[in-house]
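Colleague: Got a predicted structure plus its sequence, pasted below:
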Amino acid sequence: MLSLILILIASAFFTGIILRVKSMASGRKGPGLFQPVKDVARLFKKGVVYSETTSFVFQIAPTIYFSSVVMAMLVVPFGQSKGFVSFNGDFIFFAYVLALGKFFSIISAMDTGSSFEGMGASREALYSMFAEPAFFILMGSLALLTGHTSFQEIFAALHIGSYISYALAILGTFVLMMVAMVENSRMPIDDPKTHLELTMVHEVMILDNSGFDLGLILTAGYLKFAIYGALVVNLFIGVFPYQYSIPMFFVIQIVLATGVGLIESFMARFRMSHNAQFIFVLTSVSLLIFFGVLMILGKFA
Amino acid sequence: MIYTTIVNNQTIPVADIPEVSYKEFFGLNTGFLTNSPERHCVNYFGYPAGKQIKLICCIADDHTHEIAVSSCRVTASDSLDSFTASNFSFEKFEREIHENFGIGYNDHPWLKPVRYAHNRADQTKTIANYPFFAIESDELHEVGVGPIHAGIIEPGHFRFICNGEQILHLEIQLGYQHRGIEQQFLEKKKLLQRATIAESIAGDTVVGHTTAFSHLWESLCGYQVSRDIEFSRTIALELERMAVHTGDLSAVCTDIAYQLGSSVFGRLRTPIINFMQEWGGNRLSKGLIRPASNPSPFTPELAHRLAEILDIFEPDFLEMNEQLFSLPSTLSRFERTGVVSHDDVLSIGTVGMAARMSGLNRDIRSSHPFSLYPELNHEPIIKHHGDVYSRVQIRKAEVKQSMQYIRNLIQNVPKISENGPVFKSPKHNSFTLSLVEGWRGEICHCAITDEKGELILYKVKDPSFHNWLALALSVRNNEISDFPICNKSFNLSYSGHDL
């Protein structure tokens, strides 16, 4: 329950911080921290326009996408405190409920029949496919290390062990953050600010969505970022008491958001063909973690 | 002699242009360009002469600094051998002649419409039934972009044939912006009206086109312009080059999502165009240049202001370039993206930056100098890879060069001549050609007057006319997501093409 509340709070300012950092880095004052939330609130008041070429898939997809993210959010724990639900193998549930949402957003993009959205959908599918092994090898290694298969038990057990587990946590942070960038279509994979349909990945898929539906999709995006942030936090807080771990949660979330903002300000995005290569590298980092775990467990003779 | 030679901005009687048979005309002009990279066609057009069509072809020679002009009479029902079959650089010109007069060509690859002139010969050809190139295949897909775009740009339709993410072919369909500029020049009789039309040919090349019009008009009427007027024009041309190049660098950075470059170059463009406002009252230089007069003289005070502005501009500009060209993520987007080979730019006859990016020296400032350029001894900046990187580097180097020229020029601001303009009317039965190197490349204006001195033809050629084809070639075999950056690195004009 605690994790749910913390994630909701973090999601309210995470995107705001990114935008603010980007503005400040380019010499502008920038919008307020809660502008993204206000934007969504405005969208929720609006009606929806549906293109005549779309079918019911296009209409239900944003809702399914949003609820998939909410369901994923429910299983994320906070240190000792369990998530809203917790069961053995919930990290697999987490990954595939997100994938279900993504599947619907992809077919709803195809449903519009626009050539742009088809391209975006194909790119999104490709990148998610490459990001999946990275996530599973990472979580699988941690499960192997701790001997548990639910998020809460894995993270609670993680701190016990040598300093090498902190080294693994740092590698894990890298992988999780990069998966979050892929999942949320941020730089250097995708440019959320661009107006050029031909270069977009996620943005082009939601070109036809409007009003309430668009609000749902954007909210899901904010939540997703905070969810991945919460996973990263979990790698570190372990059994710290709440008076330390809750401030740590916000500090780490703010550091991550600032980092994303700085990356987006001071580098150019990748060439589209380099993206697949880059995402694949995450899998190899996950494999490093896997070998690290094998070493800790003494599986090598 | 089956042709006559003129220099830039020279007026000659129309009767001095020899009229030859089409066979000779064909052999002469295609012969000029065979194995001669120093020559290119600056304009080739037709105009009605009685019941016939008179074709005039102007081939510029960069070594002799002369322009060979020849002419020929044909009738609309003729079916001719096309120049294009032996040299691709005539392709657009012949399509235009075909569109305007219905002259047939036997061996032209594809006589597609160019810009749908309102008085075109075949009114059944419309923008809606443009004959696109298509490839029948289950594996390829077509992506159509425009004519309405997401950004604030002009209308144009781009049709890609792609194999997955890879572009096999791009076809660019223009004509949405056609306003009948050339016809307007004939219908509007007042000089001010005409100068205003010249300013509106392409909104980003106001100085370039207005200077070309002014030179042409002055030559046609026999004005000798004082030094201060030419001085203003030279400064204005170089400032326009600086402003647009800096803006383009910003736009290229935006397209690769490099926020720092985008905002810094965007900011750097502002002081330059604000100076134009201070000088002439308009940030886009409208109203600054007029034939035979100097509405906003360049004073020593302005020179002082400009020197200050450049002193602040330069360090920031250089530092940002240092950053931009040392960042791996930007270089990886620039290098080997959108390559057009030297052979290709030569055969399609590109001009300006689109030629210099690939080792083809085409710069009117050095080959057919005008205004104060003969004194500046301009050395064109040439790059050799023909990719986005070359085009971006040319922009950087040209801004630096322009700064140098401006600094040299404002050392000696000429005294403003007191003589007000004396009204003169154009010479009768004359032909004039004016070439100007705008920031984008060579601008060519031609005019012909009748026995009363009235304009019977005004012909405008913007550098975009040829260069659009270079863009179409550059994106072949590139990823479709690299199209925007290729497009921005050329930054061609829609209205300059559509007229």
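Modeller: Sure, I can see it.

Colleague: okay, CA-based contacts and neighbour counts for the rest of this
Modeller: Noted.

Colleague: Next one: residue A:232 from residue B:199, what distance?
Modeller: Relative to residue B:199, residue A:232 is positioned 59 Å away (Cα to Cα, to the nearest Å).

Colleague: quick one: which of these two has more around it?
Modeller: Taking neighbours as other Cα atoms under 10 Å in any protein chain shown, residue A:232 and residue B:199 compare with residue B:199 leading, 26 against 23.

Colleague: Please name the residues that touch residue B:337.
Modeller: B:387-389, B:478, B:482, B:486 (Cα atoms under 8 Å, 6 or more residues apart in numbering or on different chains).

Colleague: Tell me the confidence at it?
Modeller: Residue B:337 is assigned a predicted lDDT (pLDDT) of 91.

Colleague: quick one: low-confidence parts of chain B?
Modeller: B:419-421 (pLDDT under 70).

Colleague: care to break it down by domain?
Modeller: The record's domain parsing of chain B by automatic domain parsing lists B:4-114, B:181-498.

Colleague: what about the longest one, start to end distance?
Modeller: In terms of Cα to Cα, the two terminal residues of domain B:181-498 are separated by 9 Å.

Colleague: what does the stretch 201-301 of chain A have sitting close to chain B?
Modeller: With Cα under 8 Å from any Cα of the partner chain as the criterion, the stretch 201-301 of chain A meets chain B at residues A:264-273.

Colleague: Which of the contacts of residue B:337 fall within helices?
Modeller: Counted as lying in helices by DSSP state H, out of these, are B:388-389, B:486.

Colleague: and residue B:23, which of the three is it?
Modeller: Here residue B:23 is recorded as helix under DSSP: H, G, I helix; E, B strand; the rest coil.

Colleague: quick one: it from residue A:61, how far?
Modeller: Taking Cα to Cα, one finds residue B:23 at 67 Å from residue A:61.

Colleague: before we move on, what about residue B:57?
Modeller: 61 Å.

Colleague: The nearest residue to residue A:125 once chain neighbours are set aside: helix or strand, and which one exactly?
Modeller: For residue A:125, ignoring the flanking residues on the chain, the nearest one in space by Cα to Cα, 6 or more residues apart in numbering or on different chains is residue A:106 at 7.4 Å. Using DSSP states H and E, the element containing residue A:106 is helix A:90-111.

Colleague: swap in residue B:439?
Modeller: Counting by DSSP H and E, residue B:439 is part of no helix or strand.

Colleague: quick one: contacts for it?
Modeller: Contacts of residue B:439 (Cα under 8 Å, 6+ apart): B:205, B:208, B:237-238, B:240-241, B:244-245, B:352.

Colleague: Likewise for residue B:150?
Modeller: Contact analysis of residue B:150 by Cα under 8 Å, 6+ apart lists A:195-197.

Colleague: For it, grab phi and psi.
Modeller: Phi and psi for residue B:150, reported as degrees, to the nearest 10, are phi -70, psi -30.

Colleague: Just give me the closest of the ones in helices among the contacts of residue B:337 to chain A.
Modeller: Checking these against chain A by Cα to the nearest Cα gives residue B:486 as the nearest, at 12.2 Å.

Colleague: re earlier: for residue A:31, state which of the ones in helices among the contacts of residue B:337 is nearest.
Modeller: residue B:486 (31.8 Å; Cα to Cα).

Colleague: and the gap between the residue lying closest to that closest one once chain neighbours are set aside and residue B:249?
Modeller: Spatial nearest neighbour of residue B:486, excluding adjacent residues (Cα to Cα, 6+ apart): residue B:338 at 5.8 Å. Separation of residue B:338 from residue B:249 (Cα to Cα): 16 Å.

Colleague: So for the two, which sits in the more crowded spot?
Modeller: residue B:338 (28 against 25).

Colleague: excluding its backbone neighbours, what's nearest residue B:181?
Modeller: Nearest one to residue B:181, counting by Cα to Cα, 6+ apart, is residue B:499 at 5.3 Å.

Colleague: if I read this right, the residue nearest to residue B:486 contacts residue B:487, doesn't it?
Modeller: No: using Cα atoms under 8 Å, residue B:338 is not in contact with residue B:487, being 9.1 Å away.

Colleague: near chain A, which residues of the stretch 151-300 of chain B?
Modeller: Checking the stretch 151-300 of chain B against chain A by Cα under 8 Å from any Cα, the hits are B:151, B:253-260, B:263-264.

Colleague: Where does pLDDT dip in the stretch 51-200 of chain A?
Modeller: Ranges of the stretch 51-200 of chain A meeting pLDDT under 70: A:159-162.

Colleague: how about a cut-off of 90?
Modeller: Residues of the stretch 51-200 of chain A meeting the criterion pLDDT under 90: A:51-53, A:77-87, A:89-90, A:113-119, A:128-131, A:142, A:145-173, A:176-200.

Colleague: At the contact with chain B, which residues of it appear?
Modeller: A:115-116, A:191, A:193-200.

Colleague: name the helices or strands packed onto the helix or strand residue A:119 falls within?
Modeller: When secondary structure is defined by DSSP H and E, residue A:119 falls within helix A:115-146. The contact analysis (3 or more Cα pairs under 8 Å, 6 or more residues apart in numbering or on different chains; DSSP states H and E) places helix A:115-146 against helix A:90-111, helix A:151-158, helix A:164-183, helix A:202-205, helix A:272-296, strand B:141-145.

Colleague: Give me the angle between it and helix A:151-158.
Modeller: 50 degrees (axes from the mean of the first three to the mean of the last three Cα atoms, to 10 degrees).

Colleague: Distance from the chain centre to helix A:115-146, please.
Modeller: For helix A:115-146, the distance from its own C-alpha centre to the chain's C-alpha centre is 11 Å (Cα atoms, centre = their mean, to the nearest Å).

Colleague: buried sites along that helix?
Modeller: A:115-125, A:127-128, A:130-146 (16 or more other Cα atoms under 10 Å in any protein chain shown).

Colleague: tell me the contacts of residue 206?
Modeller: Using chain A. So residue A:206 contacts A:109, A:117, A:214 (Cα under 8 Å, 6+ apart).

Colleague: not quite, I wanted chain B
Modeller: Residue B:206 neighbours (Cα under 8 Å, 6+ apart): B:198-200, B:284-286.

Colleague: Of those, which pair is most distant in space?
Modeller: Using Cα to Cα, the two most remote members of the contacts of residue B:206 are B:198 and B:284, lying 13.3 Å apart.

Colleague: the more surrounded of these two?
Modeller: residue B:198 (28 against 20).

Colleague: before we move on, what SS does that one have?
Modeller: Secondary structure, three-state DSSP: residue B:198 is helix.

Colleague: which non-adjacent residue is nearest it?
Modeller: Nearest non-adjacent residue to residue B:198, counting by Cα to Cα, 6+ apart: residue B:210, 5.3 Å away.

Colleague: isn't the one you found right up against residue B:195?
Modeller: Yes: counting by Cα under 8 Å, residue B:210 does reach residue B:195; the two are 6.6 Å apart.
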